[in-house]
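J.: Sequence first, then the predicted structure, then my questions.
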Amino acid sequence: MPEGHTIHRLAQDYTAAFARTAVHTTSPQGKFTDAAALLNGTVLTTADAHGKHLFLGFGAAEDPTWVHIHLGLFGKVTFGPAPAPPPTDTVRLRLANDTAYVDLRGPTTCALITPPEKQAVHDRLGPDPLRPDADPAAAYRRISRSRTTVAALLMDQKVIAGVGNVYRAEVLFRHGIDPYRPGKDLTRAEWDAIWHDLTALMREGVRNNRIDTVRPEHTPEAMGRPPRVDDHGGEVYVYRRANQPCHLCGSPVRTADLAARNLFWCPACQRR
DNA sequence: TCCTTATGTACAA
DNA sequence: TGTACCTAAGGAC
């Protein structure tokens, strides 16, 4: 379930369960065996997240050895209390200490990197609404100069880091913006509102570990509709609601392919 | 038991 | 633009 909020939550959860303790590290699947042997018995010092990238720092706080993790589309992380059960053969990396264990499966990336390599990842990512140092103006400079659709720009991690297919669909709906609008036609005021909204939505996403985007006045209870929650676990306006009536105007929600991803929007509520 | 699908990205052509 | 990669759940048979 990896959009940026998931990764920031994982950084918190890894820290809560393992920071300042020596960890037993293994790679039952075998693809990270040498690195796991190198890290085994060292202390998890810190965890960091930028967009959908997670970094676990082991050893000396001034100069940690970093594990770079990207979940991709399928990656999953599961935590549990000690004693850890026998791992299944798809576990890429298991951390275990006296009180807890955590299994990583199916990541696109799980690699040891140096501090300069970590910096290079930060350098190629755009501002992340969940990071305090983020500069939304840097994102707007790229958006306002681009003929690319705002839907594609929101998914471009060099422009803004951490937004995925759910937040993209939902934030464009919440601001009444057609996904096919060219970036250069987005006003500064519209961008500021989107950024501000993403910051709040994603912070709530970290807190609840799920994506909820429906305003209180539009919840099923408030509108006298039957309760409904998407498979991903949250309450949304348009994501994965193709051909169902828009919660606000009743028009059928539209869907289309955009750069090999599913796009969802309300053609009546969202304006070019 | 097979097929499809998914909140992602990188690289080849 | 297409394809490869990684996993697991759900639905069709």
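T.: That came through fine.
J.: rest of the way, CA atoms for contacts and neighbours
T.: Will do.
J.: Ignoring the adjacent residues along the chain, who's closest to A:His53?
T.: Excluding its sequence neighbours, the residue lying closest to A:His53 (Cα to Cα, 6 or more residues apart in numbering) is A:His70, at 5.2 Å.
J.: If that neighbour is in a bridge, with which residues?
T.: A:His70 has these beta-bridge partners by DSSP bridges: A:His53, A:Thr109.
J.: where does it land on pLDDT?
T.: Looking at A:His70, its pLDDT is 98.
J.: do you know how far it is from A:Lys52?
T.: Between A:His70 and A:Lys52 the computed distance is 6 Å (Cα to Cα, to the nearest Å).
J.: element containing A:Thr6?
T.: According to DSSP states H and E, A:Thr6 maps onto helix A:4-18.
J.: helix or strand right after that helix?
T.: Later in the chain than helix A:4-18, the nearest helix or strand by DSSP H and E is strand A:24-26.
J.: Listing partners with orientation, what would you give for that next one?
T.: In the sheet, strand A:24-26 lines up against strand A:91-96 (antiparallel) (DSSP bridges).
J.: quick one: contacts of the strand it pairs with?
T.: For strand A:91-96, the surrounding residues in contact (Cα atoms under 8 Å, 6 or more residues apart in numbering) are A:23-32, A:36, A:82, A:84, A:101-107.
J.: Next, give phi and psi for A:Arg141.
T.: Backbone torsions of A:Arg141, given as degrees, to the nearest 10, read phi -60, psi -40.
J.: Equivalent analysis for A:Leu39, please.
T.: phi -80, psi -20.
J.: ok, it - contacts?
T.: By Cα under 8 Å, 6+ apart, the residues touching A:Leu39 are A:Thr25, A:Phe58.
J.: Distance-wise, check it relative to DNA strand B.
T.: Per Cα to the nearest atom of the strand, to the nearest Å, A:Leu39 is found 24 Å from DNA strand B.
J.: What's the nearest residue in chain A when you look at DNA strand C?
T.: Nearest to DNA strand C in chain A, going by Cα to the nearest atom of the strand, is A:Gly106, at a distance of 3.2 Å.
J.: now the residue nearest to that residue when sequence neighbours are not counted: how far from A:Asp257?
T.: Among residues not flanking A:Gly106 along the chain, A:Gly75 sits closest, at 4.3 Å (Cα to Cα, 6+ apart). A:Gly75 is 23 Å from A:Asp257, where distance means Cα to Cα.
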